[in-house]
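Asks: quick check, what structure comes out for this input:
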Amino acid sequence: MPGTSRVRVTDDIAYRTVRENFAALLAEPGARADVRLPACPEWTVRDVVAHMVDNVLTALRRASVAPPEVPAADASPGELLDAWLRLGEGLDVHLHANDGERGPAVLVMDAFTHEVDLRYALGAPVPAEHVAYRRSLGLLTAGFGESVRAHGLPSVRVLCDGAEWVCGAGAPAVTLVASRHDAHRALAGRRSHVQLTAMDWSDDPRRWLPAFTWGPFTPPAEPGDALSAG
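Replies: Numbering: from 1, shown residues only. Okay, here's the model as predicted:
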C-alpha cells in the first residue's frame, strides 16, 4: 500500500491534517508561545499561529465568505489556535469546492511548510509520510521552474521518492535526487547555498543556486535544518 505522501488527497483533507497537527504539537508540554522558529527567526510560535489565522481570513474574504469571527489583535496563542480551528472548518468547504486550483495549493504548502518549521522549533519529529507532501512539492517545483526560466537557465530534473518533475523549459541539464523532505525544505527556502550544493546532483549545481530565491523564499545565509538521510 502506498504511503500517504504518494496518495492524492483533496486540498481540504491536506489542510485539515496540518491544522490538527499544529493543535497536537502545541498541546505538548514545553510548547511555549515565545519559542522562536529557526527557519523564521523573526517569528515566535504565537506569530506563526497568527499567520495561519490571517491566511484563513484572507482566503474566506476572497471567497466572499464573511468570517464568523476575527480574533483580537492581542489574542493569546490559545485563542488564536481556537480561532484557526473554528475558521478552518469553514475554509475546508471552500478548499474542497476548489480542489486542485492554485489558491488552495498555496494554503496547503504554506501551512505544511510552517508545520515543519514548528516541529524543528519544538524538537518534534518530522513524519516520513504526510498527506501534504504531494501537493506542496507540485507547487514548489512549479515555482522553482518559473525561477529557472526567469534566470535563463536550463531545466532541472527533480527525482523524489518515485516522483519526477522537470523544472524549467527544455531538456534537463542536471538532475537532483532527494527525499520528499529534503526537496521540500530546499525548494521552500529552508536550506543554505552550502546545503543545496551538498545535495545529490548529477553535475555541479552552482549555476542554479540563484534560482532557489523565488517568490517569498530566500535561502538562509547560514545552514538551516540538517539534510535528512531519507
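Asks: doesn't Thr17 lie inside a helix?
Replies: Yes. Judged by DSSP: H, G, I helix; E, B strand; the rest coil, Thr17 forms part of a helix.
Asks: excluding sequence neighbours, find me the nearest residue to it.
Replies: Val131 (5.2 Å; C-beta to C-beta, 6 or more residues apart in numbering). C-beta here means a position set from N, CA and C on the backbone, and glycine is covered the same way.
Asks: and the pLDDT for that neighbour?
Replies: Per-residue confidence (pLDDT) for Val131: 95.
Asks: select the helix or strand of this structure having the lowest average pLDDT value.
Replies: Between all helices and strands in the chain, the lowest mean by mean pLDDT, DSSP states H and E belongs to helix 77-97, at a mean of 91.
Asks: elements contacting that helix?
Replies: Other helices and strands packing on helix 77-97, by 3 or more C-beta pairs under 8 Å, 6 or more residues apart in numbering; DSSP states H and E, are helix 11-26, helix 45-62, helix 102-122.
Asks: next secondary structure after the strand or helix carrying Val166?
Replies: Secondary structure assignment for Val166, by DSSP states H and E: strand 163-167. Next along the chain after strand 163-167, taking DSSP H and E as the criterion, comes strand 174-177.
Asks: pull up the pairing partners for that next one, direction included.
Replies: Partners of strand 174-177 in the sheet, by DSSP bridges, are strand 156-160 (parallel), strand 200-201 (antiparallel).
Asks: got the buried residues for that strand?
Replies: Val174, Thr175, Leu176 (16 or more other C-beta atoms under 10 Å).
Asks: just to check, Ser202 is in contact with Thr175?
Replies: Yes. Counting by C-beta atoms under 8 Å, Ser202 touches Thr175, with 4.2 Å between them.
Asks: of the buried residues of strand 174-177, closest to Gly145?
Replies: Gly145 lies nearest to Leu176 out of the buried residues of strand 174-177, by C-beta to C-beta, at 12.4 Å.
Asks: report the beta-bridge partners for the closest one.
Replies: Beta-bridge partners, per DSSP bridges, of Leu176: Val158, Trp201.
Asks: sounds good, over and out.
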